[in-house]
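> I need the structure of the sequence given here:
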Amino acid sequence: MADALDWQSLAETLNAACERPSDETAEPAIRAAELVASTAGEPPDELSDEDRDWAETHGIPPDELVELACRSMKCVAALSPDWHERLNDLRYRLGDVAAA
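Reported below is the predicted structural model:
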């Protein structure tokens, strides 16, 4: 599936989580945000081989995409305390990227 992804499809997925935050839009947005963080040099401890390969071949993400990933994870985290806790690490890593 990662082969079909590009910056635009990641942006569309992240936008959906901002515009319509729900459990349904959250999971794909989290994966998209993880790819953004990974391409920017902040991968999670566990990343699938497929996603790692994708991140290594797509270079640095545009600044606007990093900002969108931060915003979308804020929207998802607001869904519930469980989402908030689950996304702490990812939001921290995206914040580091955005501040760089």
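> name the residue closest to the centre of the chain, please.
Ala33 (0.3 Å; Cα atoms, centre = their mean).
> correct me, but Ala40 touches Cys70?
No - shown here, Ala40 and Cys70 do not form a contact pair, counting by Cβ atoms under 8 Å, at 11.3 Å. Heads up, the C-betas are built off the backbone N, CA and C, glycines and all.
> between these two, tell me which one has more neighbours.
A count of neighbours by other Cβ atoms under 10 Å puts Ala40 above the other of Ala40 and Cys70, at 22 against 19.
> which residue, other than its chain neighbours, is closest to that one?
The shortest distance from Ala40 to any residue other than its chain neighbours is 4.2 Å, reached at Val97 (Cβ to Cβ, 6 or more residues apart in numbering).
> SS state for the one you found?
Following DSSP: H, G, I helix; E, B strand; the rest coil, Val97 is assigned to helix.
> can you give me the neighbour number for it?
When neighbours are defined as other Cβ under 10 Å, Val97 has 21 of them.
> all helices of this structure, in order?
Assignment of helices within the chain using DSSP state H yields the ranges 7-19, 23-39, 49-57, 63-77, 81-86, 88-99.
> any chance of these in TSV with mean pLDDT as columns?
What follows is the helices of the chain, written out as TSV (pLDDT from 0 to 100):
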stretch	mean pLDDT
helix 7-19	96
helix 23-39	95
helix 49-57	93
helix 63-77	96
helix 81-86	91
helix 88-99	90
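> and Pro62, what's its pLDDT?
Here the pLDDT value assigned to Pro62 is 94.
> who's in contact with it?
Contacts of Pro62 were listed using Cβ atoms under 8 Å, 6 or more residues apart in numbering, and they are Trp7.
> also Asn15?
Asn15 makes contacts with 68, 72, as judged by Cβ under 8 Å, 6+ apart.
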